[in-house]
Structure formats: structure tokens, C-alpha cells
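>>> based on what follows, work out the 3D shape:
(2 chains)
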Protein chains: 2
Amino acid sequence: MTERIFCFTSPDEVEAAFYTAFVTGNLGAMQALWVNEGALCVHPGSHAIIGQDAVLRSWKHILTDSINPDIRLRVVQRTRQDNLAVHVIEEHISVKGSDQADALILATNIYREDDGCWYLQEHHASLIQSQHQGQTLQ
Amino acid sequence: MTERIFCFTSPDEVEAAFYTAFVTGNLGAMQALWVNEGALCVHPGSHAIIGQDAVLRSWKHILTDSINPDIRLRVVQRTRQDNLAVHVIEEHISVKGSDQADALILATNIYREDDGCWYLQEHHASLIQSQHQGQTLQ
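Here you go, the predicted structure:
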């Protein structure tokens, strides 16, 4: 469990911190923005990673491997009801100077307010493919 | 926009109706359980499909193609704050007598209460793969 350093005043503020931490590879900043209880993350193709410690280990792995990715975001939809907010975001991710193909990712980000501060509860990311896989199985 | 026939009294009730409609290929039942405003669906590998009409067209396609899939569900996490609820579900999908491989899917389902009734606002489904795709790009 992370000691609370930051208090984010809105879902948008957590979201900006999340993508800044991702782009700059800042694990410390990434640690500061998840909820203490109920953190859950789904990376493209992964199972649900449950709990703050496991989620942060997965991000440590990603941030160590990535070389300052360039991320352009498009907000698809925002919903907020009291202490819970859902943002659906299209992420265009590329790495300059890399031969790795650009990735187009669809993310559902869920933010929760605890004691007047907003944190990231869930990040569910999936790769957008030009042809659906498993279309008839949903 | 669908005329309201059903009033679901809880997120669990909508969820049961959703998976029953999926398993039985019942488009009428599927039509009755989405929110009128703000419906959004992400099928495995797809973009965000936005709006009730477009979402239902996508389900018509899936339900027409599928032959009574068998779905086993495992609830990974439930969160509810006032009028919004988030359920994270693992879906094990197979089709009896089909040579199609079984699919393991991770879904984030978001339910919203409107005027005392719960409906499905968002279904974000992604295929779980044994090896992540695009791991370094998240």
C-alpha cells in the first residue's frame, strides 16, 4: 500500500498524471495515483491484475522496457456519478526511432474518489485490430 | 432508442439478463437492457462502438453468427457507488460441437441507474492471451 503523497482533485487530474507517468517512464509518479484498495489493471491481452502491488509490478516492467513512448489521446466518452467516473480513451502509442509498429489501444479508465481525493481504480486496455479476432465468440 | 419494457432493480439483474441474452441469442432481450443514452461497447479487438443503435447492430451480427455459446462466468471484482456500478468478469466461452477454439475473455461491465432502474452502459471485452501482445507498448 502506498503512502498518500498526492490528492488529485478530479478524474481529469489523475488521468493527466497517469499518462504523464507512462510517457516519462516515472514509476514513482505511477505509484502515487492508484487507489489503495481495489486497484485492477488489464494490459492488452492480459488477465486482470489485481491489487496495488501486483498492478505496480506490471507497470514497473512496462516502464522499464519502454523508451519514452509518444502517446496521443482521444477521449471517446466521459461519465461521472458522484464518487465514480469512467473515461473511455483511444490511445495512439508510438516509439520514436523504433521499428516497433504503432499501437492503437482502447482504454476504459475508472476513477474513484476516496476521502475527497481522486485516484485510478481500473485501467482496462485492449488492442484495436483492423479485423476482429473471435468475432463470432464476441 | 428503445422503448423501456424492463426495469432492472440491480446491476446483478442486468448482468444476468445480458449473459442470458448472449447465450440464448435473444436480440429482443439484448435490446431491453442497454441505457438509452451513452451506450458503448468494445468487442475483442474492436474500436469503441458508440450509441444504442450501433451497439445493438453489432450484437445482432454476433447473435446471428453464434450458435448458443456456452459461457461460464467468474466475477473478478464488483464496485458500486450510488448510481454507477463496475463489474469485472472473466468469460469462458465455448461452442459445443464446434471446431472453434474456446475463448477466454476479460470484460469490464458498467451499469448505470436511470430513474430507479439499472441498465448496461458499457461492455468492454478483450481476449486474454497466454502471451501479451505489444507488451512494451502497454
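>>> tell me the residue of chain A that sits nearest chain B?
Per CB to the nearest CB, the residue of chain A with the smallest distance to chain B is residue A:126, at 3.5 Å. Bear in mind the C-beta positions are built from the backbone N, C-alpha and C, glycine included.
>>> mind listing the residues bridging to the closest residue to residue A:75 other than its chain neighbours?
Closest residue to residue A:75 apart from its sequence neighbours, by CB to CB, 6 or more residues apart in numbering or on different chains: residue A:89 at 5.8 Å. In this entry, residue A:89 is beta-bridged to residue A:75, residue A:107, by DSSP bridges.
>>> got the contact list for residue A:89?
With contact taken as CB atoms under 8 Å, 6 or more residues apart in numbering or on different chains, residue A:89 is in contact with A:15, A:73, A:74, A:75, A:76, A:106, A:107, A:108, A:109.
>>> can you redo those as CSV with pLDDT and neighbour count?
Output for these, formatted as CSV (pLDDT from 0 to 100; neighbours: other CB atoms under 10 Å in any protein chain shown):
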residue, pLDDT, neighbour count
A:15, 98, 23
A:73, 97, 15
A:74, 97, 10
A:75, 97, 12
A:76, 97, 17
A:106, 98, 22
A:107, 98, 25
A:108, 98, 26
A:109, 98, 22
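>>> those helices in chain A, which residues are they?
For chain A, the helices defined by DSSP state H cover A:11-24, A:27-31, A:52-65.
>>> tell me the confidence at residue A:119?
In the predicted model, residue A:119 carries a pLDDT score of 98.
>>> what's the burial count for it?
26 (other CB atoms under 10 Å in any protein chain shown).
>>> next up, the contacts around it.
Residue A:119 sits next to A:8, A:14, A:33, A:34, A:35, A:36, A:111, A:112 when contact means CB under 8 Å, 6+ apart.
>>> burial count for the fifth one?
Other residues lying near residue A:35 total 23 when counted by other CB under 10 Å.
>>> check the gap between it and residue A:8 for me.
Relative to residue A:8, residue A:35 is positioned 11 Å away (criterion: CB to CB, to the nearest Å).
>>> again with the fourth one
When distance is defined by CB to CB, residue A:34 is 11 Å away from residue A:8.
>>> again, but for the third one
Between residue A:33 and residue A:8 the computed distance is 7 Å (CB to CB).
>>> intersection of neighbour lists for these two?
A:14, A:17, A:119.
>>> wait, the first one sits on residue A:111?
Okay, so that is residue A:14. Yes: Residue A:14 lies in contact with residue A:111 (CB atoms under 8 Å); the separation is 5.4 Å.
>>> in contact with the closest residue to residue A:125 other than its chain neighbours, which residues are there?
Spatial nearest neighbour of residue A:125, chain neighbours left out: residue A:107 (4.5 Å); criterion: CB to CB, 6+ apart. Contacts for residue A:107 (CB under 8 Å, 6+ apart) come out as A:88, A:89, A:90, A:91, A:123, A:124, A:125, A:126.
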